[in-house]
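S.K.: Any chance you can model this:
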Amino acid sequence: MMLFCYYGNAQDWSNLQLSTGMSTPCQTTEGSYDASMDNFLRVLGSKQSDMYVKLINKNTDIVVREVFIKSGTSFNIRNIPQEEYYVKIAYGKNPQTDENCQFKFEQELGFEQPSHVFNYYNRLATRGLVIPCYELNLRRDEDVEKRYAQSSSSDIGFN
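M.R.: Now for the predicted structure:
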């Protein structure tokens, strides 16, 4: 479980060197995993910017996983517990955190909260057990990405 809290206008932002699949070093938990679940959410990264993706439990609004994805790359979030989830995404360059573990990009390009809900509950079908896997394609052209520059982190409650 990971909670981001806002404590005012923090001024001391530290630059981060993150590789695809990493989360911020000040993350207070390991995230929620279910090793018995061979499922995934494949995130196809933006070509124009880096991204920070939060996978959030729909029923509790608790961040269960979060990952940095370098521009032009992709990452599979694996072993997701059976629940329903949504995502919040920050786009930008030069990832940073402050002393309160808030995340931002030094050069913010926008934020997004797609309306899609990812249902990771297994289902029984006539041919056996269906284990859900999803792909989130965020590879868009530059004009589409510019639309997201109109929103801010407070618009979708990113931190």
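S.K.: any chance you could map the strands in the chain?
M.R.: 14-15, 40-44, 50-57, 63-69, 74-78, 84-97, 103-112, 118-119, 123-125, 128-130, 134-137 (DSSP state E).
S.K.: Sketch out the low-pLDDT regions of this structure for me.
M.R.: Within the chain, the segments meeting pLDDT under 70 span 1-11, 27-30, 140-157.
S.K.: which residue is nearest the centroid of it?
M.R.: residue 53 (1.5 Å; Cα atoms, centre = their mean).
S.K.: tell me the contacts of that residue?
M.R.: Listed by Cβ atoms under 8 Å, 6 or more residues apart in numbering, the contact partners of residue 53 are 43, 66-67, 69, 77, 87-89. All C-beta atoms are positioned from the backbone trio N, CA, C, and that covers glycine.
S.K.: what does residue 136 give?
M.R.: 41-44, 87, 114, 116.
S.K.: Which one of those is nearest to residue 98?
M.R.: Relative to residue 98, the closest of those is residue 87; by Cβ to Cβ it sits at 22.6 Å.
S.K.: Can you name the residues that contact residue 33?
M.R.: 79-81.
S.K.: Tell me the backbone dihedrals of residue 72, please.
M.R.: phi 80, psi 0 (degrees, to the nearest 10).
S.K.: Please disregard the earlier target; I meant residue 60.
M.R.: The phi/psi pair for residue 60 (degrees, to the nearest 10) is phi -110, psi -10.
S.K.: gap between residue 97 and residue 57?
M.R.: From residue 97 over to residue 57 the distance is 22 Å, taken as Cβ to Cβ, to the nearest Å.
S.K.: now swap in residue 49 and tell me
M.R.: Taken as Cβ to Cβ, the span from residue 49 to residue 57 is 26 Å.
S.K.: what about the two, which has more around it?
M.R.: Each of residue 49 and residue 57 has its neighbours counted (other Cβ atoms under 10 Å); residue 49 has more, 24 against 17.
S.K.: for that one, what are its contacts?
M.R.: 71, 91-93, 109, 145.
S.K.: Format the strands of the chain as JSON lines; extra columns: distance to residue 22.
M.R.: Formatted as JSON lines, the strands of the chain follow (distance: least, Cβ to Cβ, whole Å):
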{"stretch": "strand 14-15", "distance to residue 22": "14"}
{"stretch": "strand 40-44", "distance to residue 22": "14"}
{"stretch": "strand 50-57", "distance to residue 22": "10"}
{"stretch": "strand 63-69", "distance to residue 22": "5"}
{"stretch": "strand 74-78", "distance to residue 22": "10"}
{"stretch": "strand 84-97", "distance to residue 22": "9"}
{"stretch": "strand 103-112", "distance to residue 22": "12"}
{"stretch": "strand 118-119", "distance to residue 22": "22"}
{"stretch": "strand 123-125", "distance to residue 22": "32"}
{"stretch": "strand 128-130", "distance to residue 22": "31"}
{"stretch": "strand 134-137", "distance to residue 22": "18"}
